[in-house]
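S.K.: show me how the following folds:
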Amino acid sequence: MEENSKKKFLERETTRREFLKLTGKSFGGAVISMSILSMLGCESEQTVAYALPSGLLVADASRCTGCQRCEISCTSIHDEKIQPYISRVKVSENYNFGSEGPRIDYYRQDGQFGNLSMSPETCKQCREPYCGRACPTGAIYSDSKQGNARVIDASKCMGCGACRDACPWNMPTVDPETKKSTKCVACGYCAENCPTGALRMIPWEDVKKAMRKNGYRFS
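M.R.: Prediction:
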């Protein structure tokens with residue numbers, strides 16, 4: 001049983017590496033060309049994908065209504081409370097002006113004050129994580145039980161916020177109540193509870209099948 005689990009994990013990692021090589025990306029999440037995403041049934045140009053250890057998390061901004069159910073689901077399962085501020089997937093932070101923040105032409109940009117397009121974002125699970133390198137206590141590590149996702153050891157975290165400051169996307173968030181940092185663990189629970197399909201988790205096995213169907217061969 002353990003040997004089969006190890007084999008599946010290695011196959012997943014191989015597919016992930018091949019996918020990143022094909023897209024020309026060196027870390028877990030990025031804007032990926034529509035020609036590649038179309039292989040997976042993604043048609044909207046407002047789609048981005050995050051190559052997480054457990055699968056490809058697809059975020060389609062054209063389907064996001066800003067309901068924040070993903071944030072509610074995330075904090076209810078991981079923190080046993082509903083507190084969107086500390087959610088590992090971010091929608092409310094981008095609700096008014098999109099992920100780029102307020103700009104002079106805000107009325108043309110994402111957000112409720114612009115074109116009403118919402119911007120769900122989550123951790124990119126970088127191969128060389130800025131957050132992990134910045135943590136002074138070594139609280140951020142790669143968890144094999146979570147598909148090698150970068151997670152936070154609460155017992156070591158002192159809530160300094162260095163991880164959030166170091167992250168280019170400001171993904172980690174310090175819980176004001178527990179004084180501990182929170183961060184995406186690539187569980188996919190947000191996608192499971194998205195009512196519009198704005199968030200979808202595509203297993204690496206399905207990614208591999210779709211790419212093979214479209215003529216790509218894995219090494």
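S.K.: what is the neighbour count of the closest residue in space to P203 that isn't next to it in sequence?
M.R.: Ranked by C-beta to C-beta, 6 or more residues apart in numbering and with sequence neighbours excluded, the top spatial neighbour of P203 is G55, at 4.6 Å. Heads up, the C-betas are built off the backbone N, CA and C, glycines and all. Other residues near G55 come to 23 when the count uses other C-beta atoms under 10 Å.
S.K.: using PDB, write out every CA atom in the host helix or strand of K209.
M.R.: Here K209 sits within helix 204-213, counting by DSSP states H and E. Provided in PDB are the C-alpha atoms of helix 204-213 (Å, rounded to 0.1, in the frame of the first residue of the first chain):
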ATOM      1  CA  TRP A 204      -2.500  15.600 -12.300                       C
ATOM      2  CA  GLU A 205      -3.700  12.300 -13.700                       C
ATOM      3  CA  ASP A 206      -6.400  14.200 -15.700                       C
ATOM      4  CA  VAL A 207      -3.900  16.800 -16.800                       C
ATOM      5  CA  LYS A 208      -1.600  14.100 -18.100                       C
ATOM      6  CA  LYS A 209      -4.500  12.400 -20.000                       C
ATOM      7  CA  ALA A 210      -5.600  15.700 -21.600                       C
ATOM      8  CA  MET A 211      -2.100  16.700 -22.700                       C
ATOM      9  CA  ARG A 212      -1.500  13.200 -24.200                       C
ATOM     10  CA  LYS A 213      -4.800  13.400 -26.000                       C
END
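S.K.: residues touching the residue positioned nearest the centre of the chain, list them.
M.R.: Computing the C-alpha centroid of the chain and ranking residues by C-alpha atoms, centre = their mean puts T122 first, at 3.4 Å. Neighbouring residues of T122 by C-beta atoms under 8 Å, 6 or more residues apart in numbering: 29, 50, 57, 59, 88-90, 171, 184, 190.
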